[in-house]
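> sequence plus predicted model, see below.
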Amino acid sequence: MNTNAKNLLLILLSLFILVFFTRSVISDITALSDKKEELLTKKENITKQLERLQKIEKEFREINKLTSKSKKNSLDKAKIKDQKIIKHLWDRPTQADLIEYFHDYAEDTGDWLYIRSIDFSKPKKTEFWFLEQDINLEVNVLNKRMLKIFLNKLVSLDSKYKFYITDFSFPNNWDSSYNISIPLKLIYK
């Protein structure tokens, strides 16, 4: 055998021994690398959860601050709200005021709402000595969305008059404008 062949055989034998003895180390390194990758992914997920929890905690603390401030002012706010309700009950609107109120709103809407008729009942005393008046309002509304806007306007706490809708229904399958009768109740002193 010549020296080159011996050297080649020695190199191959060395490589075989090296791979044979280091294969467990290589598999351990691969397993550790996979484990490291898995742990990094878990760390990122936990970090994201921690950030979300810290955000929730911050919002919770802000809400607690606001509620503690609002508890101090809640009695004042309740008194103001009660005064507004009482003021509303003491203001006695005339039929002309109510007709003007409805027609002004209808004019502001453009052509999606118009008043067909307004019927007033005579005011009658309730058991609590308030006056109660029934108003039947017939309107022509373009669609359901506009009807909802109008109904919200009628019962809104910010509106000039506070109406109560006693009983209301309308067809579910309407495609164009529709005539609707809205029974309202107005209570005042």
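Received the coordinates, thanks.
> could you list the domains of this structure?
1-90, 95-188 (automatic domain parsing).
> so of those, which one's packed in deepest?
With neighbours taken as mean count of other Cβ atoms under 10 Å, the domains of the chain reach their highest mean count in domain 95-188, at a mean of 13. All C-beta atoms are positioned from the backbone trio N, CA, C, and that covers glycine.
> what sits closest to residue 153 if chain neighbours are left out?
residue 159 (6.1 Å; Cβ to Cβ, 6 or more residues apart in numbering).
> just the pLDDT for that neighbour.
We have a pLDDT of 78 for residue 159.
> same deal with residue 67?
pLDDT at residue 67 comes out at 69.
> quick one, strands of the chain?
113-120, 124-125, 131-141, 164-165, 178-188 (DSSP state E).
> low-confidence ranges, this protein, go.
1, 67-92, 174-175, 189 (pLDDT under 70).
> and the helices in it, which stretches?
3-90, 95-108, 144-155 (DSSP state H).
> and those helices as TSV, adding distance to residue 173?
Formatted as TSV, the helices of the chain follow (distance: least, Cβ to Cβ, whole Å):
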stretch	distance to residue 173
helix 3-90	37
helix 95-108	25
helix 144-155	11
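> of those helices, which approaches residue 171 most closely?
helix 144-155 (9.9 Å; Cβ to Cβ).
> compute the inter-axis angle for that closest one and helix 95-108.
Angle, helix 144-155 to helix 95-108, by axes from the mean of the first three to the mean of the last three Cα atoms, to 10 degrees: 150 degrees.
> counting contacts, what elements does helix 144-155 pack onto?
Applying 3 or more Cβ pairs under 8 Å, 6 or more residues apart in numbering; DSSP states H and E, one finds that helix 144-155 contacts strand 131-141, strand 164-165, strand 178-188.
> tell me the strands beside the shortest one, with direction?
Spelled out, it's strand 164-165. Using DSSP bridges, strand 164-165 pairs in its sheet with strand 178-188 (antiparallel).
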